[in-house]
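Asker: Task: produce atomic coordinates for the following.
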Amino acid sequence: MKTEIINQPPRPQINFALNKSTLTAATPPSKGEPAPPWRGEPLPLCCFSIIPKLRFTAIHLLFILLVPAILFTTVSCTKKQEIVIKTDYLKYPSSTGKDFRTVLTDSGKVQLIMSGALMEQYENQDYPYTEFKKGISVILYDGKETAQGSVTSKYAKYNKTTNIWELKDSVVVINENNDKLETEVLNWNQTKDLIYTDRFVKITSTDLVSQGFGFESDSHLRHRVMKKVSATITLNDEE
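Answerer: Predicted coordinates:
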């Protein structure tokens, strides 16, 4: 940087002396008195520019300290927001069906008809599943023209990975012989064609009512095993 010196008319000269950390004005020396340092000539330019330099350095130091903190906070908030958005996204079903009715066929023959008020599929999970929060009704045909049985419950969940159904709340299963199974929780392994529960079970057939805890059977209630029988009631058809 170049400094231009402009000649100006002489002005009354005021000298400055640096006293500790305070910059004060000093009067001109009297006649015969030796001039102390810096008297009689202007102070170097650095004496006047030292404070602005300190201020300049402090501002930049503050800027250097604050900018990384602001950037870190911004990045942290952004990452946190992305995690929240992703988490919220996983809570919602990938598809929803209301008042649905599904017909499953094999070689042109009806196997079952499934219906319900609400069906929600969650395909974005580690273990995809379908949930029926308002209950489900299944009519079994097994390729025949007339119904061979039915399954109803107020809640159902199907795990796509394990191929297992979980039925809850007022579960009722009826087979082709009109035998009826009633329980509060029932699991159905479609791969093994096995239904089972460890809860209280009531089975009503034409002439017998059986009650107990723990139950296993095929889905048609043909090979039934009650683990702990608590009561057996024989029905009398005579009036």
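Asker: All the strands of the chain, residue numbers only.
Answerer: 15-19, 22-26, 95-106, 109-122, 129-132, 136-140, 149-153, 155-159, 164-174, 180-189, 194-204, 208-217, 225-234 (DSSP state E).
Asker: got the domain boundaries for the chain?
Answerer: 15-90, 95-234 (automatic domain parsing).
Asker: Include mean neighbour count and mean pLDDT when you put the strands of the chain into CSV, please.
Answerer: (C-beta placed from N, C-alpha, C; glycine too.) Shown next, in CSV, are these (neighbours: other CB atoms under 10 Å; pLDDT from 0 to 100):
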stretch, mean neighbour count, mean pLDDT
strand 15-19, 14, 44
strand 22-26, 10, 43
strand 95-106, 12, 92
strand 109-122, 17, 94
strand 129-132, 19, 95
strand 136-140, 20, 94
strand 149-153, 20, 95
strand 155-159, 19, 96
strand 164-174, 19, 96
strand 180-189, 18, 96
strand 194-204, 18, 95
strand 208-217, 17, 94
strand 225-234, 11, 89
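Asker: so who does S170 touch?
Answerer: Counting by CB atoms under 8 Å, 6 or more residues apart in numbering, S170 touches 152-154, 182, 184.
Asker: Okay, N236 and P93: tell me how far apart.
Answerer: Separation of N236 from P93 (CB to CB, to the nearest Å): 51 Å.
Asker: Could you check which of the two has the larger neighbour count?
Answerer: P93 (16 against 7; other CB atoms under 10 Å).
Asker: give me every residue that touches the more buried one.
Answerer: Counting by CB under 8 Å, 6+ apart, P93 has contacts 120-122, 131.
Asker: List just the nearest of those residues to V172.
Answerer: E131 (19.6 Å; CB to CB).
Asker: doesn't Y122 make contact with that closest one?
Answerer: Yes - when contacts are counted by CB atoms under 8 Å, E131 is listed as touching Y122 (7.0 Å).
Asker: wait, what's in contact with F200?
Answerer: 183-184, 211-213.
Asker: Sort out which one of those residues lies nearest M114 for me.
Answerer: Taking CB to CB as the measure, M114 lies nearest T183 of the contacts of F200, at 19.8 Å.
Asker: Could I get the contacting residues of the closest one?
Answerer: Contacts of T183 (CB under 8 Å, 6+ apart): 171, 197, 199-202, 215.
Asker: how about 7 Å then?
Answerer: T183 makes contact with 171, 197, 199-201, according to CB atoms under 7 Å, 6 or more residues apart in numbering.
Asker: repeat for V225
Answerer: Contacts for V225 were tallied using CB under 7 Å, 6+ apart; they are 216-217.
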